[in-house]
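[1] Provided below for reference: sequence and predicted model.
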Amino acid sequence: MITGSIADRHKRVMPMPKKAVFDGGLISLTRNWTLKLDNLSDANEPKVQELSRVWKEKYRLSSEPANDGGRILWSIDSKLEKEAYTIRIREGQIALTAGSIRGIQYGMQTLWQLSPDGKPPQGIVEDRPSLGMRGFHINFDSYRQMDIGEALYAMEKAAEMKLNTLLIEYSNRFPFAKNKDLAVNTTLKEEDIQKINRKAKELDMEIIPLQQTIGHLEYMVTLDGYQSIRENGDSPAQICPLNPESFRVVTGLLDQMIEAHPGIRYIHLGGDEARSLGRCPACKEKVKNLGISRLYVDYMNSLCEYVLSRGLTPIIWDDMLCAHPEALDMLDKRTVIMYWDYWTVGNPSPYFIARYDRNGKPVQVADERWKDLWKDELSDLEASVMKTFIRPVNLKESLSKKFMDLYGGYFGDEFPKRVKAYPYIEFYMDKGFQVIGAPTCLGNGDDFHTLPNYWRFIPNIKTAAERCAVAGTLGMITTAWYNYHPLMFHLGIGATAQFSWGV
Ligand SMILES: [Zn+2]
């Protein structure tokens, strides 16, 4: 009984290590234990020094080796992947070997979760992540209640669970010094942005700022100062992609965003749900001559080129490209596509997003036989999602030949009954793009006993992570929307950590 519980110790570590074998009793770190750095060429680096100071203090380790004391031994093995680590726990010694300092930190976090009291079980832990980029979305735009303290706290907790990437969406909560008219009462201070940068550096976490560049600019196009770039003078959220002033205003916002986050590698240009494309006379004319896809892709390309010239890799949401793929081949291949789907809860799935009509709006569809013939084969959750979000249709009649020619090959052998989860990952990759998967931990409407619908979100995150790992995407970032209390977001961080690390 006792042995059994020791053997299972790792199952409560978040994220759960890939392999752990505990074959002995518990050991005990006492005050006589020391921390030794072996084979660490950068042992004198401030980062390593700081890391060793933190862990010495946490475990109350001695600074002087004692005869009767044991030791924690850190070493780097360049043959290991950067974030991989191995811990060998024996009486008198815990040997932690990792591919990098970050891996050392991850190994110590695992050791801490196994036993903060310094009584870990003897045995071995061998661990490595399934996905390189493991991220979450701090969405100041949606989380109007989230203040800087909550954001920093979420970053710390996420890093403790080995997440390494933070997508930050600010909208009008970013302190745009050159667009002061955008500010509202919840706009962050400049020093808050510096706090985020410092925290990310301390946690070895990559920041990806998000600045919308065409749609979802409600906060801007409704203000007097931006009426000249508002699409058709009346779009609720979109600027006109053909107005040269739009490019000037948007790159002005991007400049401020980039300058506020020194050292970033990526910037997310948004680009989703641009639902007013082709309304003004000039845009209408371009759509007539070259198509809606060209209107969108030409504009996004100009922005991609702008940020690429500043040494950054652009990321854009996939939905407009998927709905209007005609000019996709013209999109700069250095652009990373971030693919969102918040309904899929298993692989294969009885339903999928067919982004083929309604002016770029995603449409969730299923074969109509799910209504009667196959009804009993649905899980309770699938049945619930179907009822709330999915349109059962005659897929053969509903999906055009053009659509099927393009995407049909990616739907898997069971189509039309079931569709491979996140089917467009390979489509985008075959087109030469890198992909980031985007499930959600708070999004799209329904609830679960009045709480956010974790019943759907957790398998949505799991399914996305598994597909991203198999397909070899850059990684996965879980999105979060809506103005819930910020604490409601933390279960999503845990689920993202668990599944993007890969159990
Ligand atoms: Zn226009």
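    Received it, and whenever you're ready, just let me know what you need. Numbering: from 1, shown residues only.
[2] Got the phi and psi for residue 430?
    phi -60, psi -30 (degrees, to the nearest 10).
[3] separation between it and residue 113?
    40 Å (C-beta to C-beta, to the nearest Å). C-beta: built from backbone N, CA, C; applies to glycine.
[4] of the two, who's got more company?
    residue 113 (19 against 10; other C-beta atoms under 10 Å).
[5] which element is the more buried one on?
    Counting by DSSP states H and E, the element that carries residue 113 is helix 101-114.
[6] how distant is that helix from the center of its chain?
    22 Å (C-alpha atoms, centre = their mean, to the nearest Å).
[7] what comes into contact with that helix?
    If you take C-beta atoms under 8 Å, 6 or more residues apart in numbering as the criterion, helix 101-114 is touched by 9-10, 12-14, 17, 40, 42, 45, 47-48, 51, 55, 58, 74, 76, 80-87, 89, 94, 96, 98, 120-121, 125, 127, 160, 162, 164, 204.
[8] Buried ones from these, can you make that a PyMOL selection?
    Selection of buried members from those for PyMOL, criterion 16 or more other C-beta atoms under 10 Å:
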select buried, resi 9+10+13+14+17+40+48+51+55+74+76+80+83+84+85+86+87+89+94+96+98+120+121+125+127+160+162+164
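[9] among the contacts of helix 101-114, which are in reach of the ion?
    By C-beta under 5 Å from the ion, no member of the contacts of helix 101-114 lies near the ion.
[10] Please flag which of the contacts of helix 101-114 sit within helices.
    Among the contacts of helix 101-114, the members falling in helices (DSSP state H) are 47, 48, 51, 55, 58, 160.
[11] where exactly do the helices run in the stretch 101-250 of the chain?
    Residue ranges of the helices in the stretch 101-250 of the chain, as given by DSSP state H, counting those that start in this stretch, are 101-114, 148-160, 190-203, 218-221, 244-260.
[12] okay, residue 361: pLDDT?
    pLDDT for residue 361: 53.
[13] Spell out which residues sit in contact with the residue of the stretch 1-150 of the chain found nearest the ion, please.
    The nearest approach of the stretch 1-150 of the chain to the ion comes at residue 141, 23.9 Å away (C-beta to the ion). Taking C-beta under 8 Å, 6+ apart, we find residue 141 in contact with 169, 170, 171, 172, 173.
[14] Neighbours of the fourth one, how many?
    Think residue 172. Residue 172: 20 neighbours (other C-beta under 10 Å).
[15] ok, and the closest non-adjacent residue to it?
    Leaving aside its chain neighbours, residue 172 sits nearest to residue 219 (4.0 Å; criterion: C-beta to C-beta, 6 or more residues apart in numbering).
[16] thinking the one you found is in contact with residue 182, fair?
    Yes. In this structure residue 219 lies within contact range of residue 182 using C-beta atoms under 8 Å: 6.4 Å.
[17] any common contacting residues for these two?
    With C-beta under 8 Å, 6+ apart as the test, residue 219 and residue 182 both reach residue 172.
[18] Span of stretch 250-269 from start to end?
    10 Å (C-alpha to C-alpha, to the nearest Å).
[19] just to revisit the earlier point, so which of residue 219 and residue 182 has more stuff around it?
    residue 182 (20 against 17).
[20] Tell me the pLDDT of the closest residue to that one other than its chain neighbours.
    Nearest non-adjacent residue to residue 182, counting by C-beta to C-beta, 6+ apart: residue 172, 4.8 Å away. Model confidence at residue 172, given as pLDDT, is 98.
[21] how much space between residue 172 and residue 253?
    11 Å.
[22] Write out the residues of the stretch 201-350 of the chain neighbouring the ion.
    So the stretch 201-350 of the chain meets the ion at 240, 242, 280, 283 (C-beta under 5 Å from the ion).
[23] Report the contact partners of the closest residue to the ion within the stretch 101-250 of the chain.
    Of all residues in the stretch 101-250 of the chain, residue 240 sits closest to the ion, at 3.2 Å by C-beta to the ion. Residues in contact with residue 240 (C-beta under 8 Å, 6+ apart) are 229, 230, 231, 232, 246, 280, 282, 283.
[24] and the two most separated of the residues of the stretch 201-350 of the chain next to the ion?
    242 and 280 (7.6 Å; C-beta to C-beta).
[25] and residue 79, what does it touch?
    With C-beta under 8 Å, 6+ apart, residue 79 has these contacts: residue 99.
[26] hang on, I meant residue 50
    For residue 50, the contact set (C-beta under 8 Å, 6+ apart) is empty.
[27] before we move on, the earlier item: I'd like the ones in helices among the contacts of helix 101-114 laid out as JSON lines, including pLDDT and distance to residue 145.
    Formatted as JSON lines, those follow (pLDDT from 0 to 100; distance: C-beta to C-beta, whole Å):
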{"residue": "47", "pLDDT": "85", "distance to residue 145": "34"}
{"residue": "48", "pLDDT": "89", "distance to residue 145": "38"}
{"residue": "51", "pLDDT": "93", "distance to residue 145": "33"}
{"residue": "55", "pLDDT": "95", "distance to residue 145": "34"}
{"residue": "58", "pLDDT": "95", "distance to residue 145": "32"}
{"residue": "160", "pLDDT": "97", "distance to residue 145": "23"}
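[28] Any chance of CSV for those residues, columns distance to residue 154?
    Formatted as CSV, the ones in helices among the contacts of helix 101-114 follow (distance: C-beta to C-beta, whole Å):
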residue, distance to residue 154
47, 22
48, 26
51, 22
55, 23
58, 21
160, 11
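[29] could you list every residue that touches the residue lying closest to residue 262 once chain neighbours are set aside?
    Nearest residue to residue 262 in three dimensions, chain neighbours excluded: residue 197, at 7.2 Å (C-beta to C-beta, 6+ apart). Residues near residue 197 by C-beta under 8 Å, 6+ apart: 207, 260, 261, 262.
[30] Find the nearest non-adjacent residue to the second one, please.
    Here the nearest residue to residue 260 in space, its sequence neighbours aside, is residue 193; by C-beta to C-beta, 6+ apart that works out to 5.0 Å.
[31] The one you found is in contact with residue 259, isn't it?
    No. Judged on C-beta under 8 Å, residue 193 makes no contact with residue 259 at a distance of 10.2 Å.
[32] Which of these two has more residues huddled nearby?
    residue 193 (20 against 10).
[33] quick one: the residue nearest to residue 318 when sequence neighbours are not counted and residue 475, what's the gap?
    The spatially closest residue to residue 318, leaving aside those adjacent along the chain, is residue 339, at 4.4 Å (C-beta to C-beta, 6+ apart). Applying C-beta to C-beta, the value for residue 339 to residue 475 is 12 Å.
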